[in-house]
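Compute the structure for the input listed below.
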Amino acid sequence: MNISESLKIAVKCIKANWMRSLLTMLGIIIGISSVIMIIGAGTGVRDYIVGLIEDMGSNAVMVSVDTTSATDSDYITLDDVENIKNKVSGVDRCSPILMGFGNATIDKTATEATVMMIGVNSDVQFALTDTCEYGRFFTDEEYEANSPIAVIGSNSADTAFGYRDVTNESITVSSSGKSMKIKICGVANIDSLASSLGGSSSMSSLFSSSSDQIIIALFVPCTTLTQITGSDAQLSSVFVIAEDGYDYDAVGNAAVNYLKSAHGNYSSSMYTAQNMATYVEIVDIIMSVLTAFIACVGAISLIVGGIGVMNIMLVSVTERTREIGIRKSLGAKTRVITMQFLTESVILCLIGGVIGVAIGVGGAFAACSIIDISPNITWWLILLALLFSSGVGLFFGIYPARKAAQMSPIDALRSE
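Residues are numbered from 1 along each chain as shown. Down below sits the predicted model:
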């Protein structure tokens, strides 16, 4: 008997008992679908979080103030930013980070929106992963002149204007009773960064929600932002970019030491430096280990499913005892009988694996759509799942197949 005949007989037997076969496959289907969904969604979440950190500047160090215990004199000033850039050894660039919120009117369409403004200087562009998609970043001269100019997020441009290249368009921003007409000089991928820097779960959820409320993210000169909001430039964090060849951790610590000296606050926890590249590695490792652990827990159901397959195959051997006896009496060899039952077991698990992959892929996309991210499902993951399901069928089908093959033809023919 060749392989094609074994396949035909196996498919025929599965069809003859399709309900029992389907119930047998359930363990395999649940196991494969849960593993695919967990790994696909988990990897997608990991990529999303890592992407957020990289957007914040994987080549930068964020120096922050402990806002829970800081007084007004402890906050970083714009003078500190310049001194860190010019006086701290190893620092190439330094940008303030000042948050501001307000209302905006799209001048072209008179559309109302909520605006999230991040006050920075031109150095921040060197901490971003991508450059401006359209237009340009504002210059040092525009920063010093308090120019009413801004870089808008790519998604914000699509939402507010209906198209992306909105350079030279204008937005009227109002906050704390003051208003200013802002000209857009560039479009960049800063929406995720704005959401993560907001420090507010409500603002973060607004950026990821599907509500009708329009949210705009803007990078504006820090000096301009203070004019719009009427507040002082008390900074809780700054981006520090090291010169080539310098260790980022050492540069961050040097910036922290400068702030302690400048503000006369030598508290060990008042100022902290966070290397964003290190955070990328840490998040990557944590999410990978967590995803692998949960996937292993989900894979336990595959073992349960494999035991179910072995049980049903043993039942099948018992039901087909006379058939086995007749075939052996007609000259069927032991390996032929073994191959026949192994083929049936593998096909049973492989069909369950295919169904499980389809459900798992659909489940991953459905789960990720809730939080508006994309799952990461690769071809090797699907191939590995199918190979694993086939392996389960092969492993748990060996015992029933050998039991059938070693059956005495005389005893088999005598059975009722």
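
residue ranges with poor pLDDT in the stretch 101-250 of the chain?
129, 192, 196-212 (pLDDT under 70).

OK, contacts around A273?
Neighbouring residues of A273 by Cβ atoms under 8 Å, 6 or more residues apart in numbering: V61, M62, V63, S64, V240, D249, G252, N253, A255, V256. Glycine gets a C-beta too; all of them are placed from N, C-alpha and C.

got the end-to-end distance for stretch 107-126?
With Cα to Cα, to the nearest Å as the measure, stretch 107-126 spans 30 Å from end to end.

and it, how far out from the chain's middle?
26 Å (Cα atoms, centre = their mean, to the nearest Å).

In that stretch, which residues are buried?
Across stretch 107-126, burial judged by 16 or more other Cβ atoms under 10 Å covers 111, 113, 115-126.

closest to S231 among those?
If you rank those by distance to S231 using Cβ to Cβ, G119 comes first, at 9.9 Å.

secondary structure class for that closest one?
When classified by DSSP: H, G, I helix; E, B strand; the rest coil, G119 comes out as strand.

in the helix or strand hosting I351, what counts as buried?
Using DSSP states H and E, I351 maps to helix 334-370. For helix 334-370, the neighbour count (16+ other Cβ under 10 Å) marks 336-357, 359-361, 363-365, 367-368 as buried.

Q274: which of the buried residues of stretch 107-126 is nearest?
Q274 lies nearest to V124 out of the buried residues of stretch 107-126, by Cβ to Cβ, at 16.0 Å.

if I pick that closest one, what's in contact with it?
Going by Cβ under 8 Å, 6+ apart, V124 touches G57, S95, I97, F219, F239.

Compare those and tell me which is most surrounded.
Highest neighbour count within the contacts of V124: F219, with 29 neighbours (other Cβ atoms under 10 Å).

Three-state assignment for it, please.
When classified by three-state DSSP, F219 comes out as strand.

Check whether it really touches D123, as I assumed.
No. Here F219 lies out of contact with D123, judged by Cβ atoms under 8 Å, at a distance of 11.7 Å.

Dig out what the closest residue to D191 other than its chain neighbours forms beta bridges with.
On the basis of Cβ to Cβ, 6 or more residues apart in numbering, the spatially nearest residue to D191 that is not a chain neighbour turns out to be G153, at 3.7 Å. Assessed by DSSP bridges, G153 has beta-bridge partners A188.

follow-up on the earlier one: so which pair among the contacts of V124 is furthest apart in space?
G57 and F219 (12.9 Å).

Provide a list of residues in contact with A364.
Counting by Cβ under 8 Å, 6+ apart, A364 has contacts I36, M37, G40, A41, G44, P375, I377.

The second one sits in which helix or strand?
Put plainly, it is M37. Here M37 sits within helix 18-55, counting by DSSP H and E.

could you give the angle of that helix to helix 334-370?
If you take axes from the mean of the first three to the mean of the last three Cα atoms, to 10 degrees, helix 18-55 sits at 50 degrees to helix 334-370.

which element follows helix 18-55 toward the C-terminus?
Using DSSP H and E, the helix or strand that follows helix 18-55 in sequence is strand 61-65.

Show me what that next one is packed against.
Counting contacts by 3 or more Cβ pairs under 8 Å, 6 or more residues apart in numbering; DSSP states H and E, strand 61-65 packs against strand 237-242, helix 248-263, strand 271-275.

Please identify the most buried of the ones you listed.
By mean neighbour count, with neighbours taken as mean count of other Cβ atoms under 10 Å, strand 237-242 ranks first of these at a mean of 25.

which outside residues touch it?
57, 59-65, 76, 80-81, 84, 90-97, 120, 123-124, 126-127, 248, 251-252, 255, 273.

starting at the chain centroid, how far to stretch 262-269?
Averaging C-alpha positions (Cα atoms, centre = their mean) puts stretch 262-269 37 Å from its chain's average.

in it, what counts as buried?
Of the residues in stretch 262-269, H263, N265 count as buried by neighbour count, 16+ other Cβ under 10 Å.

and the end-to-end length of it?
Calculated as Cα to Cα, the first-to-last residue distance of stretch 262-269 is 16 Å.

Report the mean confidence score over that stretch.
For stretch 262-269, mean pLDDT rounds to 81.

distance of the residue nearest the centre of the chain from I359?
In the chain, the centroid-proximal residue (Cα atoms, centre = their mean) is V45; its distance is 2.3 Å. Computed as Cβ to Cβ, to the nearest Å, the V45 to I359 distance reads 20 Å.

circling back: could you figure out how far the helix holding M37 is turned away from strand 271-275?
With the same axes, to 10 degrees applied, the angle from helix 18-55 to strand 271-275 works out at 120 degrees.

for helix 18-55, the distance to its chain's centre please.
Relative to its chain's centre, helix 18-55 lies at 14 Å (Cα atoms, centre = their mean).

Which strands or helices does it pack on?
helix 191-197, helix 276-319, helix 334-370, helix 379-405.

which of the residues in it are buried?
Of all the residues in helix 18-55, those buried under the rule 16+ other Cβ under 10 Å are 21, 24-55.

How about stretch 143-153?
Of the residues in stretch 143-153, Y143, N146, S147, P148, I149, A150, V151, I152, G153 count as buried by neighbour count, 16+ other Cβ under 10 Å.

got the contact list for it?
For stretch 143-153, using Cβ under 8 Å, 6+ apart, the contacting residues are 117, 121-122, 132, 135, 137-138, 142, 160, 166, 171, 180-191, 194, 216-224, 227.

7 Å - rerun?
Here stretch 143-153 makes contact (Cβ atoms under 7 Å, 6 or more residues apart in numbering) with 121-122, 132, 137-138, 142, 166, 180-188, 190-191, 194, 216-221, 223-224, 227.

Out of these, which end up buried?
The neighbour-count test (16+ other Cβ under 10 Å) marks 121-122, 132, 137-138, 142, 166, 180, 182, 184-188, 190-191, 194, 216-221, 223-224 as buried among these.

Would you mind telling me which of the helices and strands packed on helix 18-55 is nearest L7?
With Cβ to Cβ as the yardstick, what comes closest out of those is helix 334-370 (6.2 Å).

I'd like the distance from the closest one to the chain centre, please.
Remark: helix 334-370 is offset 27 Å from the chain centroid, using Cα atoms, centre = their mean.

Same question for stretch 138-155.
Here stretch 138-155 shows a centroid-to-chain-centroid distance of 31 Å under the convention Cα atoms, centre = their mean.

Keeping just the C-alphas, turn it into PDB.
C-alpha atoms of stretch 138-155 as PDB (Å, rounded to 0.1, in the frame of the first residue of the first chain):
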ATOM      1  CA  PHE A 138      11.500  74.900  13.000                       C
ATOM      2  CA  THR A 139      15.000  76.400  13.300                       C
ATOM      3  CA  ASP A 140      17.000  77.800  16.300                       C
ATOM      4  CA  GLU A 141      16.300  81.300  15.000                       C
ATOM      5  CA  GLU A 142      12.500  80.700  15.000                       C
ATOM      6  CA  TYR A 143      12.800  79.200  18.500                       C
ATOM      7  CA  GLU A 144      14.700  82.300  19.800                       C
ATOM      8  CA  ALA A 145      12.100  84.600  18.100                       C
ATOM      9  CA  ASN A 146       9.100  82.800  19.800                       C
ATOM     10  CA  SER A 147       7.700  82.200  16.300                       C
ATOM     11  CA  PRO A 148       4.100  81.000  16.000                       C
ATOM     12  CA  ILE A 149       5.100  77.800  14.200                       C
ATOM     13  CA  ALA A 150       4.600  74.100  14.700                       C
ATOM     14  CA  VAL A 151       5.200  70.600  13.500                       C
ATOM     15  CA  ILE A 152       2.000  68.500  13.400                       C
ATOM     16  CA  GLY A 153       1.600  64.700  13.800                       C
ATOM     17  CA  SER A 154       1.000  62.700  10.700                       C
ATOM     18  CA  ASN A 155      -2.200  61.100  12.100                       C
END
